[in-house]
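**Q** Task: produce atomic coordinates for the following.
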Amino acid sequence: MKKKEKDALYTGSDTEGGITSGYQMNDGVELKVPYSFFGSIYDDDDRQAVLNAMKQDSQTMGPQVQLFQQEFADIFEVKHTFATNSCTTSMHVATQIFGIGEGDEVIITPVTFIATTLVVLKEGGKPVYVDIDPRTYNIDPAKIEEKITDKTKAIYVVHYAGQMCDMDLIMEIAKKHGLFVLEDCAHATGSKYRGKPAGSVGDIGCFSFHSLKNITTLGEGGMITTNNDDLVDRINRMRVMSITTWNPDDTEWTFGGYHLEKTDVKDYWIPSHFDVIDDDGKWGCNYRMCEAQAAVGRAQLRKLDQLVQKRREHAHRLSDGIRGVKGLTVPYEDENCFHSYHLYTLCVEEDELGASRDQFMRVLYREEGIQGILHYQPTYHFTALKKLYNYPDRLCPHAEKFFYHRELNLPMHPRLTKDDIDTMIQGIKNAAEKVRGTGVS
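**A** Numbering: from 1, shown residues only. Just a heads-up that it's a prediction; the model follows:
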C-alpha cells in the first residue's frame, strides 16, 4: 500500500477503540460538520458530581449507584433497576437470566451493533435473524412467527435510532409462544411507545450510557430494568460475581472440618462476608458501575428531557429542510412512538436519485464537508458469524438493501447549532443535485 493511500484510511486518531471511540480520518478533508462521538452535554453540574463522588469512602456500587438506580426507575416507570458498566454486559446478564444455552435460538434484528448478537453467542445460543420494516428500520413483527421453532427461547428487539418497535404485537407473539423479550434500549433513552418508556415493556430492558448515547456516564455504562420481581435476585448475582448472602435460616456451618454455630449474637463476620452460588450453571461476573459514573448519570438524568428535546428540534429542522428532495427519504415517525433521535438516518433511494448512496455520500463528505457514517452492517455478514452458522445469501433483503444501498446517519447531538443544521441542509441539497442522474454504479 502506498503511503498516500495508507494516510487516507480511518485510524481512530488518538483513540484505541476504533469505531467505538471516534471516526476521525486522515484524508485532508475539511469538515464543516463532523460526526461527533459525544452525544450529550457536560456542564458544571456533571463536573461537580464527579468531584463530590471522589470525596466518598465508597467508590463503587455505593450511594450514588443506589440513587441513580432509584431515579432511573422513577423516570422510566419500572420497579427494578440495576446499574452496570455497559449495555453489552447488561444484555449478557439478561441472556444468562433467560437460561439461553447451547442449541437455543434467539430472534434478533440484523440491524444492530454486534453486542446484541454477541451475548447470545457467548452462551452457546444461535441468533435467528428477522428482516426489518423498511420504513421504521426496526424488526418487522409480521415476520417473527415464521422464524419461531421449538428451540426459540427469546426475542431481542432493538429500538433503532430512538424509535421503539411495535411492542404490543411483539409482546403478544412472545406470550403466545412462551418467549422472553429483551429490549435493547441502547438508542432509546428518552423514547416511548404508546406512552410507555423504553425498557418498561419487555421482560428486561438494557440501556447504554456510552459516550455516543443520549446521556452518558463518563463514556461507558449501562442499566438493566425489569418489572419482574422473580428476576431481581438472579440479576443481582449475575452482575456481581454470583455473590449472595448466607442463608439466615441456617443454624450452623461446617467448612473443611471447622464448625461454626450460630448464636443470638449477630457477628457480621460469621460465617464470612458473603456466599457464592450458581444459577442453574450460570456464573456472574464483575459488571459493576463506579460511583463517579453514577453521580454523572444522576446529573445527566436531570437534563434528559432537555437533551432529547434538542435532538428532536434538530431532527425536525433537518427533515423540514430536506423533505421533498427527490431521491432522499427523511426519518419516519410512528404516531405511536416518541422518537428520541439517537440517530438521524437519511435514506438515499438510488433509482429516484439516479445515483448511488455511496456517490451521494462521497460528494457530501468530500465536497460539502458533511460527515455521515453507516449503522449497521447486517450482523450475519461478519466473518465469525458466516464461519459459525453459514447464513444464506439474501437472508434479510430489506436489511441488506438498507445498509448497502440506502442509509447514512448524519451528525446528531444536542450541541449542534442552527448554523450546523442549515449547513447540513444546504450541503445535502447540493450533493443531491451534483450526483443526480450520474448513474448508479
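
**Q** so where do the helices sit in this structure?
**A** 3-7, 44-54, 63-76, 87-97, 115-122, 167-177, 232-239, 291-302, 304-322, 350-353, 357-366, 383-389, 397-401, 418-435 (DSSP state H).

**Q** Looking at the ones you listed, spot the one closest to Val158.
**A** helix 115-122 (6.0 Å; CB to CB). Heads up, the C-betas are built off the backbone N, CA and C, glycines and all.

**Q** Single out the most deeply packed of the helices of the chain.
**A** Each of the helices of the chain was scored by mean neighbour count; the highest is helix 87-97, a mean of 27, by mean count of other CB atoms under 10 Å.

**Q** Can you give the contact residues for that one?
**A** With CB atoms under 8 Å, 6 or more residues apart in numbering as the test, helix 87-97 has contacts from 82, 84, 106, 115-116, 118-120, 122-123, 125, 154, 156, 182, 184-186, 203-204, 206-210, 222-224, 231, 234-235, 238-239, 279, 282, 284-285, 287.

**Q** Equivalent analysis for stretch 345-354, please.
**A** Residues from elsewhere that reach stretch 345-354 (CB under 8 Å, 6+ apart): 137, 161, 322, 326-331, 355-357, 360-361, 372, 375, 402, 405-410, 428, 432, 435-440.

**Q** Among these, name the buried ones.
**A** Buried by 16 or more other CB atoms under 10 Å: 137, 161, 322, 327-331, 355-357, 360-361, 372, 375, 402, 405-410, 428, 432, 435-436, out of the contacts of stretch 345-354.

**Q** Can you pull the poorly scored residue ranges out of this protein?
**A** Scanning the chain for pLDDT under 70 picks out 1-15, 17-19, 263-265, 441.

**Q** per the record, what domains does it have?
**A** For the chain, the structural domains run 3-37+304-435, 44-242+280-301, 243-276, going by automatic domain parsing.

**Q** How far does the second one stretch from one end to the other?
**A** This stretch, domain 44-242+280-301, spans 14 Å end to end (CA to CA, to the nearest Å).

**Q** Then the last one?
**A** Across its full length, domain 243-276 reaches 5 Å end to end, with CA to CA as the criterion.

**Q** what's the closest non-adjacent residue to Pro331?
**A** Leaving out its chain neighbours, the residue that sits closest to Pro331 by CB to CB, 6 or more residues apart in numbering is Thr345, at 5.6 Å.

**Q** Just give the number of residues close to that neighbour.
**A** For Thr345, the count of nearby residues is 25 (other CB atoms under 10 Å).

**Q** For it, list each beta-bridge partner.
**A** Taking DSSP bridges as the rule, Thr345 bridges to Asn409.

**Q** Would you quantify the distance from it to Lys434?
**A** Going from Thr345 to Lys434 by CB to CB, to the nearest Å gives 22 Å.

**Q** again with Gly178
**A** 54 Å.

**Q** same question, Cys347
**A** Using CB to CB, Cys347 is found at 18 Å from Lys434.

**Q** repeat for Thr84
**A** Thr84 is 46 Å from Lys434, by CB to CB.

**Q** For the closest residue to Asp45 other than its chain neighbours, give its distance to Arg311.
**A** Distances taken as CB to CB, 6+ apart place Ala299 nearest to Asp45, at 4.6 Å, with adjacent residues excluded. Separation of Ala299 from Arg311 (CB to CB) stands at 18 Å.

**Q** Arg406 is in contact with Arg357, isn't it?
**A** Yes. Assessed by CB atoms under 8 Å, Arg406 is found in contact with Arg357 at 6.0 Å.

**Q** contacting residues around the closest residue to Glu368 other than its chain neighbours?
**A** Nearest non-adjacent residue to Glu368, counting by CB to CB, 6+ apart: Gly427, 3.4 Å away. Taking CB under 8 Å, 6+ apart as the contact definition, Gly427 lies against Lys32, Val33, Leu364, Glu368, Gly369, Ile370.

**Q** And these, which is closest to Ile421?
**A** Of all these, Ile421 sits closest to Val33, with 8.7 Å by CB to CB.

**Q** Pull the residues that contact the lengthiest strand in the chain.
**A** Looking across the chain with DSSP state E, the single longest strand is strand 152-158. The contact list for strand 152-158 (CB under 8 Å, 6+ apart) reads 91, 95, 98-100, 104-109, 111-112, 116, 120, 125, 128, 138-139, 144, 165, 167, 170, 173-174, 177, 179-184, 186-187, 202.

**Q** Could you rerun that using 7 Å?
**A** 98, 100, 104-109, 112, 116, 139, 144, 165, 170, 174, 177, 179-184 (CB atoms under 7 Å, 6 or more residues apart in numbering).

**Q** quick one: strands adjacent to it?
**A** In the sheet, strand 152-158 lines up against strand 105-108 (parallel), strand 180-184 (parallel) (DSSP bridges).

**Q** In CSV, list the ones you listed along with mean neighbour count and distance to Lys386.
**A** CSV is the format used below for the strands paired with strand 152-158 (neighbours: other CB atoms under 10 Å; distance: least, CB to CB, whole Å):
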stretch, mean neighbour count, distance to Lys386
strand 105-108, 25, 16
strand 180-184, 26, 22
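
**Q** Turn these into CSV, columns for distance to Asn390.
**A** CSV is the format used below for the strands paired with strand 152-158 (distance: least, CB to CB, whole Å):
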stretch, distance to Asn390
strand 105-108, 16
strand 180-184, 25
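
**Q** For Ser58, find the nearest of those.
**A** Of all these, strand 180-184 sits nearest to Ser58, with 30.3 Å by CB to CB.

**Q** re the thing from before, and the strands paired with strand 152-158: which comes nearest Asn247?
**A** Among those, strand 180-184 comes nearest to Asn247, with 28.2 Å by CB to CB.
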